[in-house]
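Trainee: turn this into a model:
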Amino acid sequence: MYLVGATKVSQLTVLHADVEASGMYSAGQARFGRGKLTGPGGRRRGASTALSIDGEVMVEIKSLEQLREADERTQRFTPGGLSLGSKLTPESAAQFQQELVADLDLAPGVAAGTRQSFDRLRTIYAYGVLCYDIFTIVDGHALLVIEHALRDRFLEFHAGTVTFVRPSDQREFRVDATSYESIMDFLRTSAGRKALLRVGAGPATVRFNGMLDGLHRWARAAGLLRGQRNRGHERVSMQLRNFVAHPTSAHLLMPVDCLRTLRDLAEFINELWGRPTPGGRLYSAPSERSIVVVAWDSQGGTQTFLAEQLGGGTQEGDDRLRCVILRGRFHPGIYEVDPGLSHFDSRFENTLFPTDYLWGPGTLAEAADWYAKQQPRSDEVDHLDRVFAIRYAAGQLYRPMRTDIAAGLEQEDQAGTWHLVRADHPDDALGHVRNLITGGHGCASEGECPVCYVTGLATGPWRDLIDAGSIGPEARHQLSVDLHLSDVYARSKPVTRIEAGDHGS
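Mentor: As a prediction, the model looks like this:
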């Protein structure tokens, strides 16, 4: 009798592809010796075998040569995308898949344990060329590394001692933080289950259970993770991690799915250790803003191009164009173009990324002359966690504006109720305030909104929220003109406040 896992079997049979054809021995006479297929005299046989129990094939035993064969499914993924009509050679597929993860580097300060876990996944990823299932395995393990990284960063952040506070009497408990096990031991005690975690030197405290959700809550409170929309992505990542840890069904992922998870994990880890990712999808470093010309004609047609292209000689129709010069995100060669540039408004935020007014409106010739004399420079700006001021007055909800622009408004434009909202993009903030006004959506007026990807900061009259002295030279310059390049975004729209008792009527 043999014991395989927890199953007793009465017979182990090795089926060999050429056993019966050779006439040397039948399937029932084959021996399975020390993990190797052996025939009479111990001689190794053939290429492909299969292990069976009571006649039922359980697993195919491949030769080393077969294990080295490229998986055709992986070969179908090419630099041009998924190809059904052709495939890469094994050598090209191996090089291509390795190149995709070659630039996924972690910041120098990342903890050794987290680094080793990530590097292991990056190495194993390349073997998906030989076994397509590896991509699914690496993807799942990458989600598990999220908690590993948070634990390592937690211990490093607290530098040896973690302080918990009991809310009932403010008693402090100092816990040794040289290992995460000591933290978990305290949390299992009666005092630990009731205490709040002090974030760093304080005074802020958060609920903390030592699990993934508690670690994420701590990282946000400690300011280690940026981006309001990223809160949603982090929440989904935790749910996917829980699915991997407690699966209810099998699934199969593509290389592109696994690659995105690895890239997102690299960004997440680097963000925890204070290094934003240049050109990142989630925790991006400040992006470059170029000097851009937005031109339009009387028929409503628009064109956008880099200001360095000015002065190249006049073309037919140039005299019919009017234009402005802005500083905004415009890199058409790498598909980083702000779609809102042609809708720029000098008072309200219509662009996806922060945009500054520089000159105009005027003719292209005048623009070329100003640009040649002034030579404005490009700069870099962070678009995550921006603060927007939104006004609601006389039943009209106005589009978001920068706080320094709001600080320079005339008195008649200060009336009404103002909302300060932290968001990554202006429309996120606008939608949140609209929900607050109409009611019934579950939005929170202050703190992290459970519905929207924003954080409410304050609500009240202009004088209580806006610092009149915060207006700077750039804001004054922008307020010196009244530009509204497009009617696509109305500056205000009527929104009716619905009282609590009116919902569902």
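Trainee: any regions of the stretch 1-150 of the chain where pLDDT drops low?
Mentor: When residues are selected by pLDDT under 70, those of the stretch 1-150 of the chain lie in 1-48, 50-55, 57.
Trainee: actually the chain, not the one I wrote
Mentor: 1-48, 50-55, 57, 312-317, 334-335, 499-505.
Trainee: remind me, longest helix of it?
Mentor: helix 133-158 (DSSP state H).
Trainee: for the one helix or strand Thr114 maps to, the distance to its chain's centre please.
Mentor: For Thr114, the element it lies in under DSSP states H and E is helix 112-125. How far helix 112-125 lies from its chain's middle: 20 Å, per CA atoms, centre = their mean, to the nearest Å.
Trainee: again with stretch 193-213
Mentor: 25 Å.
Trainee: now stretch 485-501
Mentor: That offset, for stretch 485-501, works out to 30 Å (CA atoms, centre = their mean).
Trainee: check the secondary structure at Gly214 for me.
Mentor: In three-state terms, and counting by DSSP: H, G, I helix; E, B strand; the rest coil, Gly214 is helix.
Trainee: got the contact list for the nearest residue to it once chain neighbours are set aside?
Mentor: What sits nearest to Gly214 in space, not counting adjacent residues and going by CB to CB, 6 or more residues apart in numbering, is Phe208, at 4.4 Å. From N, CA and C alone the C-beta is placed, and that goes for glycine too. Going by CB atoms under 8 Å, 6 or more residues apart in numbering, Phe208 touches 164, 187, 196-197, 214-215, 217-218.
Trainee: ok, and the most crowded of those?
Mentor: Ranked by neighbour count (other CB atoms under 10 Å), these have Leu197 at the top, with 27 neighbours.
Trainee: that one touches Phe164, doesn't it?
Mentor: Yes: assessed by CB atoms under 8 Å, Leu197 is found in contact with Phe164 at 5.8 Å.
Trainee: so which residues of the stretch 201-350 of the chain form strands?
Mentor: For the stretch 201-350 of the chain, the strands defined by DSSP state E, counting those that start in this stretch occupy 205-206, 287-296, 302-306, 322-328, 330-331, 336-337.
Trainee: need the winner for burial among those.
Mentor: Comparing the strands of the stretch 201-350 of the chain by mean neighbour count (mean count of other CB atoms under 10 Å), strand 322-328 comes out on top with a mean of 23.
Trainee: sheet partners, orientation included, of it?
Mentor: strand 287-296 (antiparallel), strand 356-362 (antiparallel) (DSSP bridges).
Trainee: send me the first one as PDB with only the CA atoms.
Mentor: Presented in PDB, the C-alpha positions along strand 287-296 are these (Å, rounded to 0.1, in the frame of the first residue of the first chain):
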ATOM      1  CA  SER A 287       4.700  65.100 -15.100                       C
ATOM      2  CA  GLU A 288       6.200  67.600 -17.500                       C
ATOM      3  CA  ARG A 289       4.100  70.500 -18.700                       C
ATOM      4  CA  SER A 290       5.000  72.000 -22.100                       C
ATOM      5  CA  ILE A 291       4.400  75.400 -23.600                       C
ATOM      6  CA  VAL A 292       1.300  74.800 -25.900                       C
ATOM      7  CA  VAL A 293      -0.600  76.900 -28.400                       C
ATOM      8  CA  VAL A 294      -4.400  76.400 -28.700                       C
ATOM      9  CA  ALA A 295      -5.800  78.000 -31.900                       C
ATOM     10  CA  TRP A 296      -9.300  78.300 -33.200                       C
END
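Trainee: chain center to that strand, what's the gap?
Mentor: Chain-centre distance of strand 287-296: 26 Å, with CA atoms, centre = their mean.
Trainee: that'll do, ta.
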